[in-house]
Every structure is written in C-alpha cells, then in structure tokens.
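> predicted structure and sequence below. I'll ask about it afterward.
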Amino acid sequence: HYMYSPLLRINVLYLNRTELATKEDKAYKLDYWAKLFRSNTWEELQKLASEDPIGEEVAEVMYQATIQSEEKTLFEAHQRYLYNLRAAENGGYDKGHEAGLEQGLEQGLERGRDLHIIELVCKKLSRGLAPDQIAVELEEDPARVSAICEIAKKHLPDYNANAILDELRN
C-alpha cells in the first residue's frame with residue numbers, strides 16, 4: 001500500500017454497476033464508458049458512440065479489431081493450407097498418395113471454412129443477434145445459420161465450434 005509512481009494510476013470500472021455511479025463518475029463520463037463497453041450490438045454501440053467523438057473512435061477501433069480478427073482467422077487457415085501443400089510437394093509422394101493428400105487437404109479446408117462460419121455465428125449470437133439477422137450479415141443460407149444457432153444454444157456459455165460442427169454434420 002505505497003505509491004509506486006505518481007505517473008501511474010489504475011482505476012477499476014465496473015461495467016455492470018452503472019447505477020452506483022457518483023456525480024463525479026458522471027462528470028468524468030465513466031457511466032457512458034461503461035455503457036459503451038457493455039453494449040451488445042453494433043447498433044447500440046454506434047448509437048452510444050455518436051454521443052462523443054472519442055466514443056466514435058473507440059467504436060471504430062473495436063469494429064476494426066473484430067474484422068481483423070475474422071480476416072486473421074482466414075489468413076491463418078490459408079497459411080496452414082500453403083504449408084501442407086508445400087510439405088506434400090516436397091515429400092516425394094506417389095501419384096495415388098498425392099490424390100489422397102489433395103482430397104484430405106480439400107476436406108481440411110472445407111472443415112476450416114465451416115468452423116470459421118460457426119465461430120462467426122456464435123460471436124454474433126452472443127451479441128444477441130437473431131438467426132435471420134446473422135444470416136443477412138454473413139450472407140449465409142438462413143436455414144444453415146438457424147441450424148448452427150440451435151446447436152450452439154446447447155453449448156452456452158462456452159461455444160465449442162468443433163463440437164457444433166460435429167453435431168451439425170451428424
């Protein structure tokens with residue numbers, strides 16, 4: 001309980017206790033920031049963000065981080081594919097084995113794409129979006145998204161994309 005540095009200060013912001021905000025907290029807009037970080041949908045986030053220029057910037061960073069995360073997942077899947085392809089090309093496999101390997105790679109890519117869609121659906125489902133909204137945002141078949149949502153609800157609160165995919169395929 002001694003001061004480490006006068007240059008550093010740590011504050012804790014309880015996102016789910018905004019009703020306890022004091023006048024000083026409200027003067028510093030801590031209740032606003034708690035609501036901003038606690039928002040469940042992009043629409044709610046954008047509405048709150050429009051109240052403050054810095055809030056708009058934070059919302060943009062949050063949006064970019066989410067998009068970049070999705071792109072990163074696709075990039076990593078593509079990198080794994082290229083790595084496996086190079087390994088197969090350098091391994092000196094016979095033609096029969098190459099055909100089997102190519103089929104395995106294709107199945108792996110298909111599974112990776114399916115897992116990626118499931119992860120995106122689960123993220124949006126956890127934000128409170130309805131299956132039809134998710135299907136529109138992801139430009140996916142509404143029936144497929146609904147099936148994923150039904151299975152995903154069984155796995156609350158921790159979504160397991162592999163388990164959902166396995167159940168979806170059975």
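Good, I have the coordinates.
> where do the helices sit along the protein?
In the chain, the segments counted as helices under DSSP state H are 23-27, 30-38, 42-49, 53-90, 95-126, 131-138, 142-154, 161-169.
> the residue nearest to the spatial centre of the chain: what's it in contact with?
Closest to where the C-alpha atoms of the chain average out (Cα atoms, centre = their mean) is K123, at 4.9 Å. By Cβ atoms under 8 Å, 6 or more residues apart in numbering, the contact list for K123 reads T66. C-beta: built from backbone N, CA, C; applies to glycine.
> so where's this protein uncertain?
Along the chain, the model assigns pLDDT under 70 to residues 1, 67-71, 88-101.
> go with 80
Of all residues in the chain, those with pLDDT under 80 make up the ranges 1-4, 6, 8-14, 62-79, 82-106, 108, 156-158.
> H116 - how many residues pack around it?
16 (other Cβ atoms under 10 Å).
> could you report the separation of Q46 from N162?
33 Å (Cβ to Cβ, to the nearest Å).
> next one: R86
26 Å.
> one more: E51?
Counting by Cβ to Cβ, the separation of E51 from N162 is 41 Å.
> likewise T73?
Separation of T73 from N162 (Cβ to Cβ) stands at 14 Å.
> have a look at those two and say which one is more surrounded.
Higher neighbour count among T73 and N162: T73, with 15 against 10, using other Cβ under 10 Å.
> what's the closest non-adjacent residue to A59?
Closest residue in space to A59, ignoring its immediate chain neighbours: A49 at 3.7 Å, by Cβ to Cβ, 6 or more residues apart in numbering.
> how about the contacts made by the one you found?
L36, G55, E56, V58, A59.
> of all the residues you listed, which two lie farthest apart?
Largest separation among the contacts of A49 by Cβ to Cβ: L36 and E56, giving 10.3 Å.
> ok, these two, which is more surrounded?
The residue with more neighbours, out of L36 and E56, is L36; 21 against 14, by other Cβ under 10 Å.
> wait, the more buried one touches V61, no?
No: shown here, L36 and V61 do not form a contact pair, counting by Cβ atoms under 8 Å, at 11.7 Å.
> how about S126: what's its closest non-neighbour residue?
For S126, ignoring the flanking residues on the chain, the nearest one in space by Cβ to Cβ, 6+ apart is Y159 at 7.4 Å.
> doesn't K124 make contact with the one you found?
No: if you go by Cβ under 8 Å, Y159 and K124 don't touch, sitting 11.1 Å apart.
> tally up the residues packed near P6, please.
Around P6 there are 6 other residues, counting by other Cβ under 10 Å.
> and it, how close does it get to E140?
P6 is 53 Å from E140, by Cβ to Cβ.
> cool, and E167?
Taken as Cβ to Cβ, the span from E167 to E140 is 18 Å.
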